[in-house]
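In: Generate coordinates for the sequence data below:
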Amino acid sequence: MLSHVNISLESLNIATLVPMLIPIVGALFILVLDLFKKDQRKSMYVMLSLLFVMLDFGSLIDSSIDFNTNGTILGYFDMMLVDGLALLGQFIIVGASILFIPLALTSKRFHEFSYPEFFALFLFMISGFQFMVATDNLILIFIGLEMASLALYTLIALHNRSKSFEAAVKYFTMGALAAGFFAFGSMVLYALTGSVEIHQMAAVFNADEFANLPFILVGVVFLLAALGFKVSLVPFHTWAPDVYEGASASMAGYMSIVPKIAGFVVVMRMFEFLIHSGVVWLNVVLYAIVIVTMTAANIWALVQSDVKRMLAYSSISHAGFVMAAILIGTTQANSALFLYWILFTFTNLGAFSMLWISRQKNLAAGQSSDHSYNKFAGLIKVAPISATIMALFMLSLAGLPPFALFWGKIYMISAAVSSGYVVLALIMALNSAIAGYYYLKLIIYMFMKEPEIDIESKVYTMNSSVSLRTIIGIAAVGTVFASIVVNPLIEFITAFVYNSGY
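Out: Numbering: from 1, shown residues only. Got it, this is the predicted structure:
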């Protein structure tokens, strides 16, 4: 006789699934609406997407109140994990999505935003990234990873340019390889521990004092390679510049922020216990990856002739900078990671949005690419407001005070010094100085050179709109006045990270 097990809804704690279910419901609603009523105005889908994402953000606020009251919350057979890392990661994911969606209202000549499927896929992607960060179950992380990635491949291809199809195929191929690495690494760790939950793996490894260290390292290598692809660490970064170039500027900005924070949260959960266990090999490998990613990406960015590719390599360098927090492994460093990425969200999304303003369907005579440095030469004479705002974003990315990323870099370097990583801190400071060169290069082109290409000011006004100006304005305000909110923000972040045991 088979015994029946009664499972109450209360024990499943379905509330932990609500933030992920909201965008899924929104995506299905958009698809059904399109099925029954064709040819809806694009603005309808933008508003619906924004509504569901804002509802998602509201549910996260409710979850954070619950977390502050009751501590870490488990749900749905203990697969869902609502802790400080999950909430901070989701706040960045959903917050960046709220800033991104209104950019769809600016497209007048590129048609990907006219498809309702675009917005449905976008909402599915958000949900996938949320699943990634709100669990320590490797199977659910994998499902969230693939759910988000498959949607993202299609979103890139919808840009409908030859380079977009190439970018989507390249990203799909590398993503499939990364998925295979993740599955194989998870299989090895499951074989060693009999569990797919990271905290249980940690308990087993600590109990037997890492007796199977060679096999553990095999699994860790595959997982590090898989997650390295997702956060574009050298040498797993090769897809990033071409994919960013092929995607629309607004999507490239989004890709530089959201997939990476999801990857960083998973890396933090996966590698923190290994770092604190004294596995010297892993520390050496992570140290090397952090330094090489920061330095090599900066050198590649120095020689770029296209601003979008420069920002792509710049984003890789920033990922290496933030990866240092995983290596350091203290509460201060982990808090600095989230602070850095929140400030980076405003600055980098703002910079890519400025490229989105200046996009062209047909290149002018003498243009080698849509975003060449020459296109920005003398911009202060053509569109002075655009030149000034772009300069603000470049100064922030360079880490100059008092702009946003200066505070992120200071907190990260301070965390390295406090933990005894003085050499690493010096290398981080040196790389910030190197990066300043190629950011200032663009400013010199905009302010000190004569226009080389006939780009009229109407390019910047015809692509602009109230929604785009609002988003860029929010990003600029966040970039310039970040110093006002840094202290309360770091206290808020530290409380979440500390209460999660990281």
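In: if I read this right, residue 242 contacts residue 170, doesn't it?
Out: Yes. With the criterion set as CB atoms under 8 Å, residue 242 and residue 170 qualify as a contacting pair; they are 5.7 Å apart. For every residue, glycine as well, the C-beta is placed using N, CA and C.
In: Would you list the phi and psi of residue 306?
Out: Dihedral pair for residue 306: phi -120, psi 130, per degrees, to the nearest 10.
In: How much space separates it from residue 440?
Out: Computed as CB to CB, to the nearest Å, the residue 306 to residue 440 distance reads 17 Å.
In: In terms of secondary structure, what does the longest helix anywhere in the chain contact?
Out: In terms of residue count, the longest helix belonging to the chain (DSSP state H) is helix 162-193. In terms of contacts (3 or more CB pairs under 8 Å, 6 or more residues apart in numbering; DSSP states H and E), helix 162-193 is packed against helix 138-157, helix 198-207, helix 213-230, helix 240-246.
In: Quick check: which ranges of the stretch 101-250 of the chain have low pLDDT?
Out: Segments of the stretch 101-250 of the chain classed as low confidence (criterion: pLDDT under 70) are 106-113, 160-162.
In: what's the answer for the chain, then?
Out: Scanning the chain with the threshold set as pLDDT under 70 gives 1-11, 106-113, 160-162, 359-370, 452-465.
In: quick revisit: more neighbours: residue 306 and residue 440, which one.
Out: Just comparing residue 306 and residue 440: by other CB atoms under 10 Å the higher neighbour count belongs to residue 306, 18 against 15.
In: On the strand side of things, show who the more buried one bridges to.
Out: Assessed by DSSP bridges, residue 306 has beta-bridge partners residue 372.
In: Okay, buried residues for the longest helix of the chain please.
Out: By neighbour count, and taking 16 or more other CB atoms under 10 Å as the criterion, the buried residues in helix 162-193 are 163-164, 166-168, 170-172, 174-175, 178-179, 181-186, 188-190, 192-193.
In: Would you agree residue 493 falls within a helix?
Out: Yes. Assessed with DSSP: H, G, I helix; E, B strand; the rest coil, residue 493 lies in a helix.
In: ok, it - contacts?
Out: Shown in contact with residue 493 (CB atoms under 8 Å, 6 or more residues apart in numbering): 88, 335, 338-339.
In: CSV please, covering those residues and showing distance to residue 421 and secondary structure.
Out: Putting the contacts of residue 493 into CSV (distance: CB to CB, whole Å; DSSP: H, G, I helix; E, B strand; the rest coil) gives the following:
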residue, distance to residue 421, secondary structure
88, 23, helix
335, 16, helix
338, 19, helix
339, 18, helix
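In: With distance to residue 352 added, can I get these in JSON lines?
Out: What follows is those, written out as JSON lines (distance: CB to CB, whole Å):
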{"residue": "88", "distance to residue 352": "23"}
{"residue": "335", "distance to residue 352": "26"}
{"residue": "338", "distance to residue 352": "21"}
{"residue": "339", "distance to residue 352": "21"}
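In: what would the residues you listed look like in CSV with distance to residue 49 and neighbour count?
Out: Output for the contacts of residue 493, formatted as CSV (distance: CB to CB, whole Å; neighbours: other CB atoms under 10 Å):
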residue, distance to residue 49, neighbour count
88, 23, 27
335, 31, 27
338, 25, 29
339, 28, 25
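In: closest to residue 415 among those residues?
Out: The shortest gap between residue 415 and any of the contacts of residue 493 belongs to residue 335, at 8.0 Å (CB to CB).
In: Could I get the contacting residues of that closest one?
Out: Each residue near residue 335 by CB under 8 Å, 6+ apart is listed here: 411, 490, 493-494, 497.
In: which one among the residues you listed gets closest to residue 52?
Out: Distances from residue 52 to the contacts of residue 335, taken as CB to CB, are shortest for residue 493 (26.0 Å).
In: Next, the buried residues of stretch 422-435.
Out: Per 16+ other CB under 10 Å, stretch 422-435 contains these buried residues: 424-425, 427-428, 431-432, 435.
In: Mark which of the residues you listed are part of strands, please.
Out: Residues of the buried residues of stretch 422-435 located in strands (DSSP state E): none.
In: what would the residues you listed look like in JSON lines with distance to residue 403?
Out: Formatted as JSON lines, those follow (distance: CB to CB, whole Å):
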{"residue": "424", "distance to residue 403": "23"}
{"residue": "425", "distance to residue 403": "20"}
{"residue": "427", "distance to residue 403": "22"}
{"residue": "428", "distance to residue 403": "17"}
{"residue": "431", "distance to residue 403": "17"}
{"residue": "432", "distance to residue 403": "12"}
{"residue": "435", "distance to residue 403": "13"}
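In: Just the ones in helices from these, please.
Out: Among the buried residues of stretch 422-435, the members found in helices (DSSP H) are 424-425, 427-428, 431-432, 435.
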